[in-house]
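>>> next come a sequence and a model predicted from it.
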Amino acid sequence: MLAILWTIIIGFVAGVIAKFIMPGSTNEPSGFIMTTLLGIVGAFVATFLGQITGWYPPNEGAGLIASVVGAVIVLAIFGFIQSRRRSTVL
């Protein structure tokens, strides 16, 4: 339970840092809440991938750097999906 809480906290910070690294364009989420949620998702993705590859033991979450990388990846994927969605609507 503590590992999940720690991943959420790290994901929150990672989402804010990822938004500073990758400010993006109009098709990416610019709201604080959405960016934070995507950062948390990125932290969980980094934790999951780290546990699969053996970088982290089963009950250990990803660190800040891996979570920031995961958040940047999730932000990029989300921006790509949003841009494709908007281009098909127009």
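Okay, I see it. Numbers count the residues shown, from 1 in each chain.
>>> helices or strands up against the helix or strand where residue 48 lies?
Per DSSP states H and E: residue 48 is located in helix 32-53. The contact analysis (3 or more Cβ pairs under 8 Å, 6 or more residues apart in numbering; DSSP states H and E) places helix 32-53 against helix 2-21, helix 64-89. C-beta coordinates here come from the backbone N, C-alpha and C atoms, glycine included.
>>> how far away is residue 19 from residue 47?
20 Å (Cβ to Cβ, to the nearest Å).
>>> how about residue 34?
From residue 34 across to residue 47, the span is 20 Å (Cβ to Cβ).
>>> which of those two has more neighbours?
Remark: of residue 34 and residue 47, residue 47 carries more neighbours, 25 against 15, as counted by other Cβ atoms under 10 Å.
>>> average pLDDT across the helix holding residue 48?
Averaged across helix 32-53, pLDDT comes to 83.
>>> and if you look at stretch 62-77?
83.
>>> may I have it as CSV, with CA atoms only?
Provided in CSV are the C-alpha atoms of stretch 62-77 (Å, rounded to 0.1, in the frame of the first residue of the first chain):
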residue,chain,number,x,y,z
ALA,A,62,10.2,3.7,-9.9
GLY,A,63,12.4,6.5,-8.9
LEU,A,64,11.9,10.1,-9.8
ILE,A,65,14.0,10.0,-13.0
ALA,A,66,12.3,6.9,-14.4
SER,A,67,8.9,8.4,-13.5
VAL,A,68,9.8,11.6,-15.3
VAL,A,69,10.8,9.6,-18.4
GLY,A,70,7.5,7.6,-18.1
ALA,A,71,5.5,10.8,-17.8
VAL,A,72,7.2,12.4,-20.8
ILE,A,73,6.4,9.3,-22.8
VAL,A,74,2.8,9.3,-21.7
LEU,A,75,2.5,13.0,-22.5
ALA,A,76,3.9,12.4,-26.0
ILE,A,77,1.5,9.5,-26.6
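>>> which of the helices and strands packed on helix 32-53 sits closest to residue 58?
For residue 58, the closest of these is helix 2-21, at 9.1 Å, according to Cβ to Cβ.
>>> tell me the buried residues in the closest one?
Across helix 2-21, burial judged by 16 or more other Cβ atoms under 10 Å covers 7, 10-19.
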